[in-house]
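Chemist: the sequence and its predicted three-dimensional model are supplied below.
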Amino acid sequence: YTPHTWTNGIGFAINLQLHGASPFRDSKPLEYPYNPPSWTPTVRDGLLTEPWDHENGQLRLPTRPGLGFEIDRRALERFGTHYFRGTKFRVALSTLWDKGLKIALEANAVRTERLNQRHLELDRCVAAGDDLVESALAESD
């Protein structure tokens with residue numbers, strides 16, 4: 001079990017607890033994004049009173065009650081229900097701002113090619129009469 005914690009600090013806390021309860025916690029990593037300047041613990045944990053402290057890629061399990069964090073009431077009032085709005089336009093604009101036009105265009109080309117390949121595969125499966133739900137369930141086993 002290796003959770004991918006591409007989420008806010010609350011979702012990170014949930015995945016951290018699940019990972020901590022896993023018998024594989026000492027041999028499997030807890031994957032989380034770190035991509036300064038846009039994706040840092042301070043940004044991710046903006047609704048918490050304290051960000052989750054990472055030291056050389058290591059993080060201690062919290063000892064506080066519950067999931068181990070407190071909500072920052074001021075941040076919650078300020079951002080309300082929309083701390084992060086990941087619309088296609090905002091993500092594109094953020095990529096332009098953080099990475100520049102060249103990398104943004106390259107990322108979009110890779111994304112477009114992946115989507116085209118998925119559509120072709122889906123069309124092939126439908127034309128062949130494959131049961132897509134059954135195939136997906138078989139792959140997850």
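Modeler: Thanks, I have it.

Chemist: show me the helices in the protein, by range?
Modeler: 9-21, 41-44, 73-79, 88-99, 101-128, 132-140 (DSSP state H).

Chemist: in a markdown table, list these along with mean neighbour count.
Modeler: All C-beta atoms are positioned from the backbone trio N, CA, C, and that covers glycine. Compiled in a markdown table, those are given as follows (neighbours: other C-beta atoms under 10 Å):
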| stretch | mean neighbour count |
| --- | --- |
| helix 9-21 | 18 |
| helix 41-44 | 18 |
| helix 73-79 | 12 |
| helix 88-99 | 12 |
| helix 101-128 | 11 |
| helix 132-140 | 9 |
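
Chemist: compare the mean pLDDT across those helices and name the weakest.
Modeler: Out of the helices of the chain, helix 132-140 stands lowest, with a mean of 68 (criterion: mean pLDDT).

Chemist: next, the distance between the ends of stretch 28-48.
Modeler: Distance between the two ends of stretch 28-48: 26 Å, counting by C-alpha to C-alpha, to the nearest Å.

Chemist: now stretch 26-33
Modeler: Stretch 26-33: ends 19 Å apart by C-alpha to C-alpha.
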